[in-house]
Every structure is written in C-alpha cells, then in structure tokens.
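Novice: pasting the structure only:
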C-alpha cells in the first residue's frame, strides 16, 4: 500500500480535440491548460440561473455541491438542490438546509421535500437520486440529534422513510449504499459534543469501518474494519497517537468492487484501498 501526502489538488479536464474542429459553437474549446489560463478571445456559453436568489434581506444560496451523485432524474427535467440562507462562515450544528428540486420545464419552480442538519460546504448532505427508482435520498441527523441517518423521499408518491445510517455513494443498481461511521470523524461539525462518537478513543476499532447498507431495509454489513486496515498499513504495530478513519468510498461501474480512502488523523498520512466486494479481499 502506498502512502501519499495530504495535499490539495485541483484537476482540470480539457477537451482534447482541436479548436477549429467546430466553427459555429457558442463557446471556445481549448487544447491545453495554458490556453485556459490565457483565455485569449474566449467565448463562454450563456448561463441561466434556475434558483431563487431570495431578497436583499433574506438571501438564498442553492447548490448541489459534489460529484459522484445523480442530480437529474432520468428524464432530465428535475434537478435536485440544497438551499441555505447564509454564506461566508463555517456550518454549525443548528444550521438547517432546505432540500428540494427545480422543475426545469415549469418556470424553474422549486419544490421543498425535506430538510437536513447534516451537511457541509464541500459535500452538502450527499443528496442524490436513487438509481432505478423514484426515490431521492440525503443525509440528516437522527431525531434525537445523537447520530447520522439518511432520509428517503418518493418523488411519485411523496412517501417518506428513514434509514439507520447515512449514505456516501449508492450502487449503480440502486440496491445498496457504501458508507462509513461519519461520527467517527465528524465531517460536518467538528467537536460537536451532542454526537455519540464511534469508538473515538481507539486507534482502529474492530466494530467500525466501511459498511454496505441495503436501501430497501436499512440492514448493513461491515465490509472491512479499521482494525483490519491498521494491520495492513502498520504491520509492525499501530502508532501510539492519532486514529484511523474512513472518509470516502466509491463503486466501480458494475458494483462488484469499491475504492475507499483512509486517513490517519494526527499523523498527516492518507491511504487508498480497493476491495473485491464479493470476496472481501483487499487489493493493495
């Protein structure tokens, strides 16, 4: 397993075909990063705002926030969004976001379907359409505020239900979700004393790690524990300080394998792993 330094990296995707391949486009295509930086005689497509900006006294900020999640329904008519009424500061545990969707064919009409108190500026609340279904899913706090759950809304019927764990990424067939115990290292509100922390005094607990949760029932199984990861990363013994935690997962297109990222808090170390979901064998 290879270690890598924690650095902030930005990737730019550049269209690789020549600019002159299309002469009548309403925007400019670049063939190199230098052209993007120079922006010489660049033309940009017209943009239309589809969210309500609110008023001067009560501004609204709507976004979708992160990738690896379905924002549009299968028809392309409805776009999911999360709306908040502030910006320019850290999110606090009492900050509530409005969850809904925009009808792109009905005057950009906004429909609220729920709320969330489990979100941040980078990843929102993992709001997304469930593949191959009429359901929309996002993360929230439990009713008692002690742990994270996921909320499910049926777009057709309006029926609502809750699942006992938060979700990170849904499988391509929509049957299950990869997730981890967000309470282990709270990605939403650091140091929130109201949350029930998950084995937070142990370097790598055996009872938490990457989970696979069935979206119909909420039943979850532990795929790989932090204890197992620690044995692989530190074959000579775990460090005396810090702690391990999972913080991101992703499926392969067929839903048979996943990749996950592990961090060692306090040690400035991060790792990536890949696993065969069916045999639960780590590929280093």
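Specialist: Yes, it's here. All figures in this text were calculated on a predicted structure; none of them were measured in a lab.

Novice: And what about the nearest residue to residue 78 once chain neighbours are set aside, helix, strand or coil?
Specialist: Among residues not flanking residue 78 along the chain, residue 101 sits closest, at 4.7 Å (CB to CB, 6 or more residues apart in numbering). In short, each C-beta sits where N, CA and C put it, glycine included. Judged by DSSP: H, G, I helix; E, B strand; the rest coil, the three-state class of residue 101 is strand.

Novice: Any idea how many residues pack against residue 101?
Specialist: Neighbour count of residue 101, defined by other CB atoms under 10 Å: 23.

Novice: how far does stretch 231-243 sit from the chain's center?
Specialist: Relative to its chain's centre, stretch 231-243 lies at 28 Å (CA atoms, centre = their mean, to the nearest Å).

Novice: That one: end-to-end distance?
Specialist: One end of stretch 231-243 to the other measures 13 Å (CA to CA, to the nearest Å).

Novice: Which parts of it count as buried, going by neighbours?
Specialist: Within stretch 231-243, the residues that count as buried by 16 or more other CB atoms under 10 Å are 233, 238, 243.

Novice: Ok, stretch 243-255 next?
Specialist: Neighbour counts using 16+ other CB under 10 Å place 243, 244, 245, 246, 247, 248, 249, 251, 255 of stretch 243-255 among the buried residues.

Novice: ditto for stretch 96-106
Specialist: Within stretch 96-106, judged by 16+ other CB under 10 Å, the buried ones are 97, 98, 99, 100, 101, 102, 104.

Novice: cool, and stretch 163-175?
Specialist: 163, 165, 166, 167, 168, 169, 170, 171, 174, 175.

Novice: For the nearest residue to the fourth one once chain neighbours are set aside, give me its contacts.
Specialist: Think residue 167. In space, and not counting its chain neighbours, residue 167 is closest to residue 177: 4.0 Å by CB to CB, 6+ apart. Contacts were defined as CB atoms under 8 Å, 6 or more residues apart in numbering; by that measure residue 177 touches 137, 150, 165, 167, 168, 169, 170, 171, 212, 213, 215.
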